[in-house]
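Participant: Structure, please.
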Amino acid sequence: MKFSFKNDYSEGCHPNILQALLQNNTDQQAGYGEDEYSLKAKEQIKTKMNKADSDIYFVSGGTQANLIVISSVLKPYQCAVSAASGHILNNETGAIEATGHKVLSIETGDGKLRPSDIIPVLENHKNVPHQVMPKLVYISNSTELGTIYQAKELEELSDFCKQNNLYLFMDGARLGHGLTAEISDLTLERVAELTDILYLGGTKNGALIGEAIVINHPALQEDFAFNIKQKGALLAKGRLLGIQFSELMKDDLYFDLAKHANQQAMKIKHALQKKGVQFLSDTHTNQIFPILSNKVIEILSENFEFYVWKKIDDQSSAIRLITSWNTGDDPVNRFIEIIEKEL
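Facilitator: Numbers count the residues shown, from 1 in each chain. Just a heads-up that it's a prediction; the model follows:
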């Protein structure tokens, strides 16, 4: 059987989560996220962020989180701004547009947004009331290209958004990986200070399912639960999400799992670098994008599953490799052995 480097959610969940779900399976609890496990998990997250006044809601997946947040925050005539590589533009079947909100895209080489990227968008949308109003800046950390925001970059973006009356929303599907990258100088606490809304991804970091939406801006907290219910995302058995996040927050398991995934990807990256391989983007998270000859890609495909991400020329392409919380040494070493033999 081929080992998959296609994503970081091919496996089920961390054993601690399975054990906790089993151990508490027959307990009778309140529904809709009012169970003791969900309430405990929310307090654990608030403690990690040092944000006692934030509101936290658990939903089942990333697209669901993005759709609920953006459709709840924006008025009908307002829109979101995203990098062209953003998940809401390319991998959510127009979910945001389906709620009636336009997404304005900006081409960036590394998947990140900076104030200088957004200024032209604001300048080009001043024909009031004939154009949509940019109101929310959507970013992800780590990005779809595996890159991350440094503290200074996020601080500058946050200040810019405040100065221009824009909301800053961070998609944190891989936030654990972004924060534990070897070059990262951001903390969860700092991210919470600088964003209006974010979510912590569990699906791609050891949970069966689940994302934790964190609302830091007081004005956006009002009536948010109504939007979750209206979008069909309020689980009667909310305990299933609460138990998982409580386990992930315990003893920093969430960050340990992400760090492991990053380290496994970096082993492959460093082996490729030694062979002179170039990359589509310079990443330090669990996503890497090496550029290889199509012949080598074909050989690797005999043993591993991965996405051919982008055609470079007739002879070469960039592939995407993603490691997970459960990626062991054996597949990583096997991949490196083939690379060392073929390059």
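Participant: ok, the nearest residue to Ile228 once chain neighbours are set aside to Lys295 distance?
Facilitator: Nearest non-adjacent residue to Ile228, counting by Cβ to Cβ, 6 or more residues apart in numbering: Leu234, 4.9 Å away. Backbone N, C-alpha and C define where each C-beta goes, glycine included. For Leu234, the distance to Lys295 (Cβ to Cβ, to the nearest Å) stands at 51 Å.
Participant: now swap in Gly232 and tell me
Facilitator: Here the criterion is Cβ to Cβ. By it, Gly232 lies 48 Å from Lys295.
Participant: which of Leu234 and Lys295 has more neighbours?
Facilitator: Counted by other Cβ atoms under 10 Å, Leu234 and Lys295 do not tie: Leu234 has more neighbours, with 18 against 11.
Participant: Now do the contacts for that one.
Facilitator: By Cβ atoms under 8 Å, 6 or more residues apart in numbering, the contact set of Leu234 is 32-33, 225, 228.
Participant: Could you turn the buried ones of these into a ChimeraX selection?
Facilitator: One line in ChimeraX is enough to select the buried ones among the contacts of Leu234; burial here means 16 or more other Cβ atoms under 10 Å:
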select :33,228
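Participant: Is it possible to get TSV of the contacts of Leu234 that adds secondary structure, pLDDT and distance to Leu67?
Facilitator: Below are these laid out as TSV (DSSP: H, G, I helix; E, B strand; the rest coil; pLDDT from 0 to 100; distance: Cβ to Cβ, whole Å):
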residue	secondary structure	pLDDT	distance to Leu67
Tyr32	coil	97	19
Gly33	coil	96	18
Ala225	helix	95	15
Ile228	helix	97	11
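Participant: Tell me the buried residues in the longest helix anywhere in the chain?
Facilitator: Scanning the chain for the longest helix, with DSSP state H as the assignment, gives helix 253-274. Residues 253-262, 264-269, 271-272 are the ones in helix 253-274 that count as buried (16+ other Cβ under 10 Å).
Participant: what does the helix or strand Leu240 falls within rub up against?
Facilitator: Element membership of Leu240 [criterion: DSSP states H and E] is helix 239-249. Residues from elsewhere that reach helix 239-249 (Cβ under 8 Å, 6+ apart): 13-14, 16-17, 20-21, 24, 27, 29, 33, 35, 37-42, 44-45, 48, 58-60, 200, 202, 205-210, 212, 235, 253-254, 257.
Participant: My impression was that Leu104 belongs to a helix - is that right?
Facilitator: No: applying DSSP: H, G, I helix; E, B strand; the rest coil, one finds Leu104 to be strand, outside a helix.
Participant: What's the separation between Ala225 and Lys231?
Facilitator: 11 Å.
Participant: oh, I was asking about Asp171
Facilitator: For Asp171, the distance to Lys231 equals 17 Å [Cβ to Cβ].
Participant: So the two - more neighbours on which side?
Facilitator: It is Asp171, of Asp171 and Lys231, that has more neighbours when counted by other Cβ under 10 Å, with 26 against 15.
Participant: Which residue ranges of this structure form helices?
Facilitator: Using DSSP H, helices in the chain cover 15-23, 36-49, 62-73, 87-90, 95-98, 115-123, 151-163, 175-179, 188-194, 224-230, 239-249, 253-274, 294-301, 329-342.
Participant: Can you name every helix or strand that the last one contacts?
Facilitator: This points to helix 329-342. helix 253-274, helix 294-301 (3 or more Cβ pairs under 8 Å, 6 or more residues apart in numbering; DSSP states H and E).
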